[in-house]
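Visitor: I would like to see how this sequence folds:
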Amino acid sequence: MTDDIIANLVTEMTQTLEALKRDLAKVRTGRANLAILDGVRVDYYGQATPLNQVAALKIADPRLITIKPWEKGMIQPIEKAILGGDIGLTPTNDGELIRLAIPPLTQERREQLAKQVRKIGEEGRVALRGHRRDANEMLKDALNDGEVTEDDQRRGLTKVQALTDEHVAKIDEIVEKKEQEILNG
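Guide: All right, here's what the predicted structure looks like:
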C-alpha cells in the first residue's frame with residue numbers, strides 16, 4: 001500500500017516539475033525562444049489554432065523569430081493573434097514573412113522577470129507541498145483502516161518527506177538557473 005502511495009507521489013511531483021519547466025520556458029530572457037509563442041492562438045477559419053499549426057516558426061538569429069504562414073492570407077490574423085497574445089512583442093511583415101525582433105532587456109525589466117521566475121518557482125513548491133500533504137493523509141488513512149502497520153506508515157512518511165525535499169531542491173536549482181539566465185542575459 002505504501003509503495004502505491006509513494007509511486008503516485010513521484011508521478012505527481014514529476015508532473016509538477018515538468019509544468020514548472022514549461023511555465024519558465026515562456027518567460028522572455030532577451031534571446032529568441034519559440035516557447036514564448038506557445039500560448040498564441042490564431043483565428044483559422046473560425047477555430048482558435050496554435051500558431052505553430054498555421055505557420056513555420058524559426059529562430060533566424062539570437063534576437064529574431066521569423067514566422068512564415070502556410071497561406072498568405074494568414075499574415076493579418078497571425079499579426080493580430082501575436083498582438084493580442086500579450087507577449088510584449090510587435091510583429092512586422094514584408095507580405096510573406098512576419099518578423100518578431102526581441103529587444104534587449106533593460107536592467108529593470110530583467111529584475112521584474114527574475115521576480116516573476118521566483119513567483120513561478122514558489123507556486124511549484126506550494127504544489128509539491130500539497131502533494132506531500134495528500135500522500136501523508138493517505139498514509140494516515142491507510143493506518144486507520146488497518147492496511148499498513150505503524151512502522152510502514154513511519155517509513156512511508158519519511159520517504160514522502162525525502163521525496164519532497166529532493167523535488168524542492170530541483171525546483172530551486174531550475175529557478176536559480178533561469179534567474180541567472182535572465183539577469184546575465
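Visitor: now the protein, which segments are flagged as low pLDDT?
Guide: In the predicted model, the chain carries pLDDT under 70 at residues 185.
Visitor: ok, which stretches of it are helices?
Guide: Ranges of helices in the chain, per DSSP state H, are 2-25, 75-84, 107-144, 150-184.
Visitor: so for Ala101, which of those helices sits nearest?
Guide: helix 75-84 (12.1 Å; CB to CB). C-beta coordinates here come from the backbone N, C-alpha and C atoms, glycine included.
Visitor: so how far is the closest one from its chain's centroid?
Guide: Averaging C-alpha positions (CA atoms, centre = their mean, to the nearest Å) puts helix 75-84 23 Å from its chain's average.
Visitor: show residues contacting that helix.
Guide: Contacts to helix 75-84, defined as CB atoms under 8 Å, 6 or more residues apart in numbering, come from residues 37, 40-44, 51, 54-55, 67, 69, 89-91, 93, 95-96, 98, 100.
Visitor: quick check: most distant residue from the centroid of this structure.
Guide: Distance to the chain centre peaks in the chain at Gly146, reaching 40.1 Å (criterion: CA atoms, centre = their mean).
Visitor: any idea how far Leu105 is from it?
Guide: Distance of Gly146 to Leu105, computed by CB to CB, to the nearest Å: 59 Å.
Visitor: what residues are up against the most centrally placed residue in the chain?
Guide: For the chain, Asp23 is the residue whose C-alpha lies nearest the centre (CA atoms, centre = their mean; 1.7 Å). Contact analysis of Asp23 by CB under 8 Å, 6+ apart lists Ile120.
Visitor: got the phi/psi numbers for Val54?
Guide: phi -120, psi 0 (degrees, to the nearest 10).
Visitor: I'd say it and Tyr44 touch.
Guide: Yes: in this structure, Val54 is within contact of Tyr44 by CB atoms under 8 Å, at 5.3 Å.
Visitor: pull up the overlap in contacts between those two.
Guide: Joint contacts of Val54 and Tyr44 (CB under 8 Å, 6+ apart) are Met74.
Visitor: the two - which one has more neighbours?
Guide: Val54 (21 against 17; other CB atoms under 10 Å).
Visitor: for that one, give its distance to Ile75.
Guide: The gap separating Val54 from Ile75 is 10 Å, by CB to CB.
Visitor: joint contacts of these two?
Guide: In contact with both Val54 and Ile75: Pro69, using CB under 8 Å, 6+ apart.
Visitor: would you map out the domains in the chain?
Guide: Domains of the chain are assigned by automatic domain parsing as 2-26+107-184, 34-101.
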